[in-house]
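Asks: I'll drop the sequence and a predicted model, then ask my questions.
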Amino acid sequence: MKRLSFCLFLLSLPLAAQQYKMAVIGMVHSHFWGHLPTMLKGEQVQLAGIAEPNPELVAEAKRRGASAVPFYADYRKMLDEVKPDLVWAFVENNRHLEIVEACAPRKINVIFEKPLAATYKEAVEIRKLAQQHDIRVMTNYQMAWWPANYAAYAAAKAGDVGQVWRLHGIVGHGGPGSQGVTNKYFFEWLTDPVKNGAGALMDFGCYNALWSLWYLGRPESVYAQVNHLRPETFPKVEDNATLVLHYKNGVGIYEGSWDLPRGFQDLEVFGLKGSLYMQNGKVELRQGKETRDLPLEPLPPERTEPIAYMVSCMRGHKPVEGLTALDINVQVVEIIDAAKQSVKTGRAVPLK
């Protein structure tokens with residue numbers, strides 16, 4: 001009966017969606033729940049399996065509409081039976097390499113939630129496996145699908161603020177919560193220095209490192225400082241981090257925090273003639289006392305969300321590029337590793 005229900009579910013999908021099969025590994029990352037409705041619509045891919053051993057999370061997924069999708073406790077068994085073209089893994093950061101070790105020899109493309117890995121060594125190994133087996137590995141960031149992010153970047157590259165020399169980014173909110181089925185498991189690993197790779201430094205520092213690489217390239221050195229303001233809530237990891245990335249002709253100053261009164265994912269780009277202030281849905285061009293909003297152009301359909309973009313790369317036999325690409329995200333983790341070393345030594349860490 002279950003198999004019949006699933007077959008009927010597949011037949012109801014658009015024909016275009018039946019070209020590729022996608023599987024999900026893990027549901028302990030709370031971002032999964034925001035993407036589940038898109039997966040279930042099946043407009044880009046066929047959701048052919050979900051692997052998760054936790055019965056509470058499985059029950060929640062079924063309650064939210066995934067009852068017709070086959071569930072597996074063992075993701076390797078799922079990979080062998082379902083044979084997906086694409087896996088989206090919502091697991092702990094320190095398990096990303098493990099997932100690629102399983103998927104790469106099977107020629108399965110992979111999407112991860114940011115960051116690419118918990119450590120630089122693991123990120124390098126992921127890239128090595130992806131290149132060896134010719135698969136795509138995408139690192140998903142919310143801001144990668146924002147028109148505002150690209151409007152600000154285009155204005156900077158067009159010279160609207162003159163030579164770009166300084167970036168200031170703030171990313172954060174009031175911190176992860178542990179209430180509810182979908183949050184308590186996320187909280188457990190996100191506040192673990194091994195499973196996450198750090199605390200707020202990793203969680204939000206990776207956004208800042210990505211912006212810095214995008215606008216200014218690889219820095220010469222990394223200096224970082226952290227605070228442990230709420231040890232009763234986050235006993236194992238820092239809840240606030242500041243990074244200073246030094247360049248020959250520029251600087252990046254960044255804040256990542258779990259202690260902010262509201263959500264931030266803001267970037268200000270300073271040039272010699274003005275600045276650009278970017279938030280989701282808005283870009284301000286600031287020159288002297290004058291401020292004006294820049295127009296935001298809609299992104300092409302294939303650049304509006306992760307599955308659509310990965311499928312467009314697969315269909316077009318193209319590499320994943322831009323903010324979600326493999327090389328730039330290996331460098332993101334390199335910067336975070338240097339930041340962790342800087343915290344330990346109290347000194348700026350040069351990048352070799």
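Replies: In hand now; what should we look at? Numbering: from 1, shown residues only.
Asks: for the chain, longest helix please?
Replies: Criterion DSSP state H: the longest helix present in the chain is helix 326-345.
Asks: gap between it and the chain center?
Replies: For helix 326-345, the separation from the chain centroid amounts to 15 Å (computed by C-alpha atoms, centre = their mean, to the nearest Å).
Asks: Can you tell me which helices and strands it packs against?
Replies: Contacts of helix 326-345 with other secondary structure elements, assessed using 3 or more C-beta pairs under 8 Å, 6 or more residues apart in numbering; DSSP states H and E, are made with helix 120-133, strand 137-140, helix 200-216, strand 221-227, strand 240-247, strand 349-350. Where you see a C-beta, it was placed from the backbone N, CA and C, and this is true even at glycine.
Asks: tell me how far the ends of stretch 99-116 are from each other?
Replies: Taking C-alpha to C-alpha, to the nearest Å, stretch 99-116 runs 12 Å from one end to the other.
Asks: So which bits of that stretch are buried?
Replies: By neighbour count, and taking 16 or more other C-beta atoms under 10 Å as the criterion, the buried residues in stretch 99-116 are 99-100, 102-104, 108-116.
Asks: Check stretch 246-262 too.
Replies: Of the residues in stretch 246-262, those buried (16+ other C-beta under 10 Å) are Y247, G250, V251, G252, I253, Y254, E255, G256, S257, W258, D259, L260.
Asks: For F6, give me the pLDDT.
Replies: According to the prediction, F6 has pLDDT 49.
Asks: What of the one 10 residues further on?
Replies: At A16, the pLDDT value in this model is 48.
Asks: likewise the one 10 residues further on?
Replies: Per-residue pLDDT puts G26 at 98.
Asks: pretty sure it contacts N93?
Replies: No. Using C-beta atoms under 8 Å, G26 makes no contact with N93, being 11.3 Å away.
Asks: Looking at the two now, which is surrounded by more residues?
Replies: The residue with more neighbours, out of G26 and N93, is N93; 28 against 23, by other C-beta atoms under 10 Å.
Asks: And what about the nearest residue to the more buried one once chain neighbours are set aside, helix, strand or coil?
Replies: With sequence-adjacent residues excluded and distances taken as C-beta to C-beta, 6 or more residues apart in numbering, N93 is closest to A118, at 4.0 Å. Recorded secondary structure, A118: coil (DSSP: H, G, I helix; E, B strand; the rest coil).
Asks: tell me the contacts of A118?
Replies: If a contact means C-beta atoms under 8 Å, 6 or more residues apart in numbering, then A118 has E92, N93, N94, H96, V194, K195, N196, G197, M202 as its contacts.
Asks: go again using 6 Å as the cut-off
Replies: For A118, the set of contacting residues under the criterion of C-beta atoms under 6 Å, 6 or more residues apart in numbering consists of N93, N94, G197.
Asks: would S275 count as being in a strand?
Replies: Yes. With three-state DSSP as the criterion, S275 is part of a strand.
Asks: thought it was touching R286?
Replies: Yes. Counting by C-beta atoms under 6 Å, S275 touches R286, with 4.8 Å between them.
Asks: Neighbour count: these two, which is higher?
Replies: A side-by-side neighbour count of S275 and R286, using other C-beta under 10 Å, places S275 first with 21 against 15.
Asks: got a pLDDT number for that one?
Replies: The model reports S275 with a pLDDT of 98.
Asks: That one bridge partners, please.
Replies: For S275, the residues forming beta bridges with it (DSSP bridges) are F270, R286.
Asks: contacting residues around whichever strand or helix holds A59?
Replies: With elements delineated by DSSP states H and E, A59 resides in helix 55-61, which encompasses its position. Helix 55-61 is contacted from outside by M27, E52, F71, V181, using C-beta under 6 Å, 6+ apart.
Asks: Please name the residues that touch the last one.
Replies: The neighbourhood of V181, defined by C-beta under 6 Å, 6+ apart, consists of E56, E60.
Asks: surely L245 meets E220?
Replies: No. When contacts are counted by C-beta under 6 Å, L245 is not listed as touching E220 (8.4 Å).
Asks: quick one: which of these two has more around it?
Replies: For L245 versus E220, neighbours defined as other C-beta under 10 Å are more numerous around L245 (28 against 13).
Asks: where's the more buried one relative to L326, distance?
Replies: 21 Å (C-beta to C-beta, to the nearest Å).
Asks: Give me the buried positions along the longest helix of the chain.
Replies: Judged by neighbour count (16+ other C-beta under 10 Å), helix 326-345 contains these buried residues: 326, 328-340, 342-343.
Asks: and that helix, what's its mean pLDDT?
Replies: Rounded to a whole number, the mean pLDDT of helix 326-345 is 98.
Asks: cool, and stretch 168-183?
Replies: Averaging pLDDT along stretch 168-183 gives 92.
Asks: Can you show me the CA trace of it as CSV?
Replies: Taking Å, rounded to 0.1, in the frame of the first residue of the first chain, the C-alpha atoms of stretch 168-183 are listed here in CSV:
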residue,chain,number,x,y,z
HIS,A,168,31.5,46.0,7.5
GLY,A,169,29.2,43.1,8.0
ILE,A,170,26.8,42.2,10.8
VAL,A,171,25.2,38.8,10.9
GLY,A,172,23.2,37.4,13.8
HIS,A,173,20.1,37.2,16.0
GLY,A,174,19.2,36.4,19.5
GLY,A,175,20.7,32.9,19.3
PRO,A,176,19.5,29.4,18.6
GLY,A,177,16.6,28.1,20.7
SER,A,178,16.1,24.6,22.0
GLN,A,179,12.3,24.5,22.1
GLY,A,180,10.2,22.1,20.0
VAL,A,181,10.9,19.0,18.1
THR,A,182,12.6,20.7,15.2
ASN,A,183,14.8,22.9,17.3
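Asks: Many thanks, have a good one.
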